[in-house]
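Trainee: turn this into a model:
(chains A and B)
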Amino acid sequence: MEAIAVHKLVKTYGAKKETVKALNEISFSTQQGEMFGVIGPDGAGKTSLFRILTTMLLPDGGTATVDGFDVVKDMQQIRNRVGYMPGKFSLYQDLTVEENLEFFASIFNTSIAENYDLVKDIYVQIELFKNRRAGKLSGGMKQKLALCCALIHKPSVLFLDEPTTGVDVVSRKEFWEMLKGLKKQGISILVSTPYMDEAAMCDRVALMQSGRIMTIDTPQHVIEQFGKRLWAVRSGEMYRLLLDLKAYENTLSCHSFGEYHHLVLRNDTGSEAAVLHYLASKGHRQVEIKTASPNIEDCFMQLMNDNA
Amino acid sequence: MKRLLVILEKEFRQVFRNPAILRMVLVMPVIQLLVFPFAANYEVKNVLLSVVDHDHSAYSQKFISKITSSGYFKLTDYSPSYDEAMKAVEKDKADLIIEIPAGFEKDLVKESKSSMLISVNAVNGTKASLGGAYASNIIRDFNSDIRIQWMQMPRYNAQPTIEITSSNWYNPTMNYKFFMVPGILVTLLTMIGSFMSALNIVHEKEVGTIEQINVSPITKVQFILGKLIPFWIMGLVTLTLGLIVSWLFYRIVPLGSIGLIYVFGMVFLFTLLGVGLLVSTFAETQTQATFVSFFVMMLFMLLGGLYTPIESMPDWAKLITKINPVAYFIEVMRMIVLKGSGFADVKTQFFSVLGLGIFFNTWAVINYRKRS
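Mentor: Residues are numbered from 1 along each chain as shown, chains lettered A, B, ... in the order given. Predicted coordinates:
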């Protein structure tokens, strides 16, 4: 059965003249127990999508169901069975960790004890601070508490809107490990993130840009579809190198990636020598060029260029 | 029901952890009731007096000492000419000029008739009219003193006269504090009702916690009741404190039933909380909520009859007071506290406030959206 099914969903903001299509007829569906990632930069329409699916926002067109229930007509059923963790920390800062968890359990007519095994792995990490006010927790711990609160009523679908934005690298890693654990318990997860490296953790991803979905596939397939050879280049002057590579006639796309620039060429035959020759003519020293394996970010950049 | 209890438990926890709210509910009413009634004083005292005495006679001296000993006037200027006295008025050193003409005593003795000039600075209307009235009263008094001195009163008056005696009902000593304190108590409840509930809900919007509530199965009625009930109870605590303070410091004991005050207070708070709630459904930030609440409150207070009598307002303003719960409660408070009115006397006001309460709360509930 489908956990989430979205069909031609439209959401428009703004008045008559200046409208922004936050969601432009997007369609996708996710399976039960699947971890589905929505990947896209800020402003891609991720949060609008989440707010519609959690019944907080009415769509302007199209249909969507969560767990078989319509997001417009059956909002009460949906509210009983989904967990939502907004991007912004939104628990009661003046209540303690335990009180927050207790409150969110009680309003769903359940208790911490009843669903303890579901949150146990996460809760033990913050149980030490259960008498501390939520506002006094560190960023990573707040995130864990928010996840506990979203889980305590045993939701069948979990919505996580940019759960790792603003969280340190270690906590981010831990957080994704926790999500993997939840997936094993059969909970369907829809997660959004602006970080491309996190996409690889999902079963399937949708790459989103300006209200449209560019592609939906497993992270593996997305990468395989890249189709072209990817070069990683660096030299002593990185910024000038980027400008020169972009000006190179055979360049299809070039963007900086860590300590290298990732380069895709139009015509890939005998290219390495040609690029080196071109860069030498521009006066670059210590040039290093090698092939690299593409990742989701490269695919995203390529899709963005294709759509532009 | 169980869910509502859970929400209430959480709300009360948050209230008791917020020292600002506790201070507002407990300390503010006491301080306001102790300070306001003394400042909001209708009696005009210390009218600054300038005297221009051209006569320098025994009678003019007598008159000046009489007016300065009345307690209403303070002799701050003694000028040789009217023009110089006017300068004192311009510099705000005098509010009222009394000019005694040369030959005042001579005319009075010879012709049994004399005149005197009173000029009043009317920038402050109340002060001017009251000061002028006090001065003329004193002159009249002075006048009759002289007559008694001069002639033996005949056994029967030559002309029939009507002597007026008056007695002041409900507030025999004309203590304005008895009039102000019940009204100020109402303004305190107004603040708690309209401000705090509005700010509280908007705070949840600002912090984003309302998102989590909105995706939960909590219904909007449960959420709103969870917000109303704590502030409703706090309002009643403030009312109790206020009644205790007015008894302790002003010896004001309501003549009517205290139970009736509470019943009315409960309905009044319900209405005001509805107003606050309505504001919170429109406002997105606490700043917006504060300014809108403040505007509504000013309207309620100024058109509430606390300082100026509603009867002397123009017709359009009187119409507004018909939908002003504060006006009803101030009136009723004074009726119950000073006159000892019973429920039958305040029935109209009671049902008007109740009706307004149902109106505002229904509007607020309809307007509160869990989704947009």
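Trainee: is it true that residue A:216 lies in a strand?
Mentor: Yes. Judged by DSSP: H, G, I helix; E, B strand; the rest coil, residue A:216 forms part of a strand.
Trainee: doesn't residue B:231 make contact with residue B:196?
Mentor: Yes. Using C-beta atoms under 8 Å, residue B:196 is in contact with residue B:231, at 5.4 Å. For glycine as for every other residue, the C-beta is placed from the backbone atoms N, C-alpha and C.
Trainee: and chain A, which residues reach chain B?
Mentor: With the criterion set to C-beta under 8 Å from any C-beta of the partner chain, chain A comes near chain B through A:54-58, A:75-76, A:79-80, A:82, A:84, A:86, A:88-95, A:99, A:103-104, A:106-109, A:149.
Trainee: residues contacting stretch B:211-220, please?
Mentor: With contact meaning C-beta atoms under 8 Å, 6 or more residues apart in numbering or on different chains, stretch B:211-220 is reached by A:54-56, A:76, A:79-80, A:82, A:84, A:86, A:90-91, A:104, A:107-108, A:149, B:3, B:7, B:204, B:223, B:365, B:368, B:370-371.
Trainee: write the ChimeraX selection for whichever of those are buried.
Mentor: Buried members of the contacts of stretch B:211-220, defined by 16 or more other C-beta atoms under 10 Å in any protein chain shown, are picked up in ChimeraX with:
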select /A:54,55,56,79,80,82,84,86,90,91,104,107,108,149 /B:3,7,204,223,365,368,370
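Trainee: now, the contacts of stretch B:211-220 that are in helices?
Mentor: In this view, the contacts of stretch B:211-220 that belong to helices under DSSP state H are A:76, A:79-80, A:104, A:149, B:3, B:7, B:204, B:223, B:365.
Trainee: the host helix or strand of residue A:62 pairs with which strands, parallel or anti?
Mentor: Under the criterion of DSSP states H and E, residue A:62 resides in strand A:61-66. Here strand A:61-66 is paired, per DSSP bridges, with strand A:2-13 (antiparallel), strand A:69-70 (antiparallel).
Trainee: how about that strand: buried residues?
Mentor: Buried residues in strand A:61-66 (16+ other C-beta under 10 Å): A:62, A:64-66.
Trainee: near chain A, which residues of the stretch 101-250 of chain B show up?
Mentor: B:207-212, B:214-218.
Trainee: let's see that with 7 Å instead.
Mentor: B:207-209, B:211-212, B:214-218 (C-beta under 7 Å from any C-beta of the partner chain).
Trainee: farthest-apart pair in these, please.
Mentor: Largest separation among these by C-beta to C-beta: B:207 and B:217, giving 21.0 Å.
Trainee: low-confidence ranges in the chain?
Mentor: Here I'm looking at chain A. A:270, A:308 (pLDDT under 70).
Trainee: looking at chain B here, not the other one
Mentor: For chain B, the ranges with pLDDT under 70 are B:40-43, B:151-161, B:163-164, B:173-174, B:370-372.
Trainee: and the residue in it positioned nearest to chain A, what is it in contact with?
Mentor: Across chain B, the shortest distance to chain A (C-beta to the nearest C-beta) belongs to residue B:208, at 3.6 Å. Shown in contact with residue B:208 (C-beta atoms under 7 Å, 6 or more residues apart in numbering or on different chains): A:86, A:88, A:90.
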